[in-house]
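Participant: sequence and predicted structure, then a few things I'm wondering about:
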Amino acid sequence: MSIKRRLLYAATAISVGAISSLSQANEPIQPIEPVKEVNVALAELGKKLYFDPRLSKSGFISCNSCHNLSMGGTDNLKTSIGHNWQQGPINSPTVLNSSLNLAQFWDGRAADLKEQAGGPIANPGEMAFTHTLAVDLLKSIPGYVHEFRLTFGNDEINIDQVTDAIAEFEKTLVTPDSPFDQWLLGDEDALTADELAGYKLFKDSGCVACHNGEAVGGSSFQKMGVVEPYQTNNEVEGRVAVTGVDADRFMFKVPTLRNVELTYPYFHDGEAQTLTEAVDIMGRLQLGRQFSDGENAQIVAFLKSLTGEQPSFQLPILPPSSENTPPPQPFE
């Protein structure tokens, strides 16, 4: 769905939501609201930047490399691949509905999408560029110079504008109209018996204590391994790296469960390959509950009902480099 069509859809959803508000009033999960306000020119520029691998040292890695919009906004790898095939330290969280998170990254070190957008560009283990080099590269491309001038009304290009644009595009990447949202909005036939039974188990077991709201997560930091310790060889220790407070060790941002059937493997270390495995581990470690095979299957059925309408748009045609554009350095 294009950005303009999503804005039209939002107007329709507002009226439907008003009529159906009583059906969802007592539920811990709310329907995803389509994007209502967006700077279309800024988002279109951000879309180009999101897909442009020239913002990396190698000229090979873009935002879409690790947050692939054809794969649920992730890369479906345990941990992502960075410059020179470096193994990343952590699983790539989905970019879909990320505007609903209380903070960005698993440890919450970025307050919002704008702050997050600048991180990978300058991270030597990811895109391995610098902000200065990225801006200089954009200034060397006449098509970008023209589009930045049209969008911002001046001849300046800086990293603040770059991250503004990428964040504005990412704001549009919401996934409304899942079967579960249709049910929340009053369509009693939108869910199967197994999906409804799975949702009841999900609520009654306490999963909604952390997985709630529009994003079904993303609104708090919680310890991984409450009832039993989580066993992993991954060295990442969570929010303690940001706060320095020992009580924040192994505290991670609760991931959204929207589109979760698309965003495997699961957890910060990517060690759970399937939803069945993830449900079993979370039941035991977080809730102290061993789900039967049948219960597990019903919860998985419910989780799959959270898959919404995926972003759909024409891929951007990137402006060509000029003779003054620095060449990529993929092998350095």
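Facilitator: Sure, I can see it.

Participant: count the neighbours of Q314 for me.
Facilitator: Q314 has 7 neighbouring residues, counting by other C-beta atoms under 10 Å. For glycine as for every other residue, the C-beta is placed from the backbone atoms N, C-alpha and C.

Participant: surely it is within a strand?
Facilitator: No: going by DSSP: H, G, I helix; E, B strand; the rest coil, the assignment for Q314 is coil, not a strand.

Participant: what residues of stretch 123-141 count as buried?
Facilitator: Within stretch 123-141, the residues that count as buried by 16 or more other C-beta atoms under 10 Å are E126, M127, A128, F129, H131, A134, V135, L137, L138, K139, S140, I141.

Participant: for the residue nearest in space to the middle of the chain, which three-state class applies?
Facilitator: In the chain, the centroid-proximal residue (C-alpha atoms, centre = their mean) is V95; its distance is 2.2 Å. Following three-state DSSP, V95 is assigned to coil.

Participant: once you drop chain neighbours, what's closest to Q182?
Facilitator: Once flanking residues are discounted, Q182 sits nearest to A190: 3.8 Å by C-beta to C-beta, 6 or more residues apart in numbering.

Participant: number of residues surrounding that neighbour?
Facilitator: By other C-beta under 10 Å, 17 other residues sit near A190.

Participant: that one against D177, yeah?
Facilitator: No: checked against C-beta atoms under 8 Å, the pair A190 and D177 is beyond contact range at 10.0 Å.

Participant: show me how the record splits this structure into domains.
Facilitator: 40-172, 179-305 (the TED database).

Participant: what's the closest of those to I29?
Facilitator: Nearest to I29 among the domains of the chain is domain 179-305 (5.5 Å), distances taken as C-beta to C-beta.

Participant: mean confidence score for that closest one?
Facilitator: Domain 179-305 carries an average pLDDT of 98.

Participant: any idea how far that domain is from the middle of the chain?
Facilitator: 15 Å (C-alpha atoms, centre = their mean, to the nearest Å).

Participant: what score does R6 have for pLDDT?
Facilitator: For R6, pLDDT reads 50.

Participant: same thing with K36?
Facilitator: At K36, pLDDT is 89.

Participant: ok so, going back, what sits against the residue nearest to the centre of the chain?
Facilitator: C63, H67, L69, G73, T74, E170, L173 (C-beta atoms under 8 Å, 6 or more residues apart in numbering).

Participant: now swap in T232 and tell me
Facilitator: T232 sits in contact with D269, E271, where contact means C-beta under 8 Å, 6+ apart.

Participant: then F169?
Facilitator: By C-beta under 8 Å, 6+ apart, the neighbours of F169 are L42, A43, E44, L45, G46, K47, L49, Y50.

Participant: and it, that one's in a strand?
Facilitator: No: read with three-state DSSP, F169 is helix and lies in no strand.

Participant: start at 46 instead
Facilitator: Sounds good: first residue 46 from here, last item F214.

Participant: tell me the pLDDT at the spatially closest residue to it that is not a sequence neighbour?
Facilitator: Setting aside the residues directly before and after it, F214 is nearest to G91 in space (C-beta to C-beta, 6+ apart), at 3.1 Å. pLDDT, G91: 98.

Participant: likewise for Y54?
Facilitator: 48.

Participant: where's the residue nearest to F214 relative to L114, distance?
Facilitator: 13 Å (C-beta to C-beta, to the nearest Å).

Participant: do T208 as well
Facilitator: Separation of T208 from L114 (C-beta to C-beta) stands at 19 Å.

Participant: check G333 too.
Facilitator: G333 is 37 Å from L114, by C-beta to C-beta.

Participant: now do D293
Facilitator: Taken as C-beta to C-beta, the span from D293 to L114 is 32 Å.

Participant: ok so, going back, pull the residues that contact the helix or strand encompassing the residue nearest to F214.
Facilitator: Using DSSP states H and E, G91 sits in helix 85-96. If you take C-beta under 8 Å, 6+ apart as the criterion, helix 85-96 is touched by 48-49, 100, 107-109, 189, 192-193, 195-196, 207, 209-217, 358, 360-361, 363-364.

Participant: mind running it again at 6 Å?
Facilitator: Where contact means C-beta atoms under 6 Å, 6 or more residues apart in numbering, the residues beyond helix 85-96 that reach it are 48, 107-109, 192, 196, 210-211, 213-214, 217, 361, 363.

Participant: of the contacts of F214 - the most surrounded one?
Facilitator: Counting neighbours by other C-beta under 10 Å, G91 comes out on top of the contacts of F214 with 29 neighbours.

Participant: distance check, that one against I344.
Facilitator: Taking C-beta to C-beta, one finds G91 at 36 Å from I344.

Participant: span of stretch 197-210 from start to end?
Facilitator: One end of stretch 197-210 to the other measures 10 Å (C-alpha to C-alpha, to the nearest Å).

Participant: how about that stretch: buried residues?
Facilitator: Using 16+ other C-beta under 10 Å as the test for burial, stretch 197-210 gives F197, I202, I204, Q206, V207, T208, D209, A210.

Participant: right, so of the domains of the chain, which gets closest to P375?
Facilitator: The nearest among the domains of the chain, by C-beta to C-beta, is domain 85-217 at 4.0 Å.

Participant: measure that closest one end to end?
Facilitator: Domain 85-217: ends 10 Å apart by C-alpha to C-alpha.
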